[in-house]
Each structure stands twice: as C-alpha cells, then as structure tokens.
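Asker: Generate coordinates for the sequence data below:
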Amino acid sequence: ARIQPTDTILVMSGSASPVTQLQIERAIAEGFHGIRITPDLMQNTDETTLSEWIHQAADKLAEGQSVVLYTALGPEDEAIGETRSRLNSLGLSGAETGEFIGRRLGKLTKRIMDQNPGLRRVVIAGGDTSGFVTSEMGVYGLEMIWDVSPGAPLCRVYSDDARLAGLELALKGGQLGSPDYFINVRDAGSLEPDE
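Answerer: Alright, predicted model coming up:
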C-alpha cells in the first residue's frame, strides 16, 4: 500500500547520541515543537503533572505541529547523570535504568496517542529505547514500508490493540540517520508521485 502523507508526527527520543542531538536540533529549526522530558518527569508519578505535560504535547499535535520529545541533547547533557542518579536512588542500576526509561517513554507515547487518535506516524529514537517502547505499546510485528535511511525504515505496526491499527512507526538507533531524518519521516508520502 502506498504511504499516505501526514502533516504531523510524534518523535520520542531516549537517545543521547550526537547524531540524534543534531536530528532533534534540525527538526526544531524546521518547525517541530521540542519538549524536554526532564529527570523529574521521568520518575514523577504525580498524575496532575503528567497530565499537564501530556496535554502540552497533545495540543501541539492537534494544532498540526509535529512534536519531538527528548530525554537528552547529546552525550554532554547534564540530564543524563541526573536521571541516572535519581533512578539509582530508586534501586535501579545498569540495564534496569535503560528498561525503566524505555518503558516510561512507551507509556507516555501511548497516552499522547490516546489524546490524538488521528496521529498516524511515530518515531522512536534510541536502540534500547525502541525495544522497550514497542513492548510497552503492545507492538508484536513490523512490516517495512519505506526505507527512510539504512537500518531505520518506516514500518507498519501489527498489534492486538485496535488503537495502533494503521500506525506507521520508525525505530532509529541513536547513531543512525541523516540530520534531516525526522523531517524526512514526517514528509514521507508527500514526496512520492501520485499514482
């Protein structure tokens, strides 16, 4: 099936790589709304705070603006150490922190999607993050539909969750993709000639 154009995408980044940093900065320069996922938000369970934050992202998407949510801007970001120390204080260490962050981002992604049922395209940045996010979202299979960049294609989702039917998902390792990767994913479909 031909890829349908879409005006807005949601990007969820758990990557601290310099490549992803450049992609986030380029996307924001091209009109994406950037929202930092703070260390506080990563461990916060206060529903009022979470809801306000989720509504901020959902409202921008509803207005037709793509949104990029990110835990870090590159390897030097001070948020990395702060997040790690906060999660260590919860008794998490090493690989456990990666899983906690990934599952947290998966839950946030689902909640933003629930607020925006028309959202059809999502990008997850970060190799380890991607696996935990898709697991948390209930994705059991992916079918490649467009080779955006080597190793980071746009895929169609298979899930038992009816809300995910027809969702297009790109999973991107931290070091993969050109500086325009997020922009290219947003524009997929509109770049193809009409059949």
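Asker: Where do the helices of the chain begin and end?
Answerer: 18-29, 39-43, 47-62, 78-89, 95-115, 127-137, 181-187 (DSSP state H).
Asker: want to throw these into TSV with distance to Ser149 and mean pLDDT?
Answerer: C-beta: built from backbone N, CA, C; applies to glycine. Output for these, formatted as TSV (distance: least, C-beta to C-beta, whole Å; pLDDT from 0 to 100):
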stretch	distance to Ser149	mean pLDDT
helix 18-29	10	98
helix 39-43	28	80
helix 47-62	23	91
helix 78-89	25	89
helix 95-115	21	90
helix 127-137	14	88
helix 181-187	6	96
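Asker: tell me the most buried of those?
Answerer: For those, the largest average neighbour count (mean count of other C-beta atoms under 10 Å) is found in helix 181-187, namely a mean of 22.
Asker: what packs against that one?
Answerer: On a contact count with 3 or more C-beta pairs under 8 Å, 6 or more residues apart in numbering; DSSP states H and E, helix 181-187 meets helix 18-29, strand 121-125.
Asker: Just the local confidence number for the residue lying closest to Val157 once chain neighbours are set aside, please.
Answerer: Nearest residue to Val157, sequence neighbours excluded (C-beta to C-beta, 6 or more residues apart in numbering): Leu167, at 4.3 Å. If you check Leu167, the pLDDT there is 93.
Asker: Over to Ala162?
Answerer: On the pLDDT scale, Ala162 is placed at 88.
Asker: could you measure it against Pro117, distance?
Answerer: When C-beta to C-beta, to the nearest Å is the yardstick, Ala162 and Pro117 sit 11 Å from each other.
Asker: Kindly report the same for Met12.
Answerer: In terms of C-beta to C-beta, Met12 sits 17 Å off from Pro117.
Asker: who has more neighbours, the two?
Answerer: Per other C-beta atoms under 10 Å, whichever of Met12 and Pro117 has more neighbours is Met12, with 25 against 8.
Asker: which strand is the longest one in the chain?
Answerer: strand 139-146 (DSSP state E).
Asker: follow-up on the earlier one: the residue nearest to Val157 - how many residues pack around it?
Answerer: Other residues close to Leu167 by other C-beta under 10 Å number 19.
Asker: The one 4 residues further on too?
Answerer: When neighbours are counted by other C-beta under 10 Å, Leu171 registers 23.
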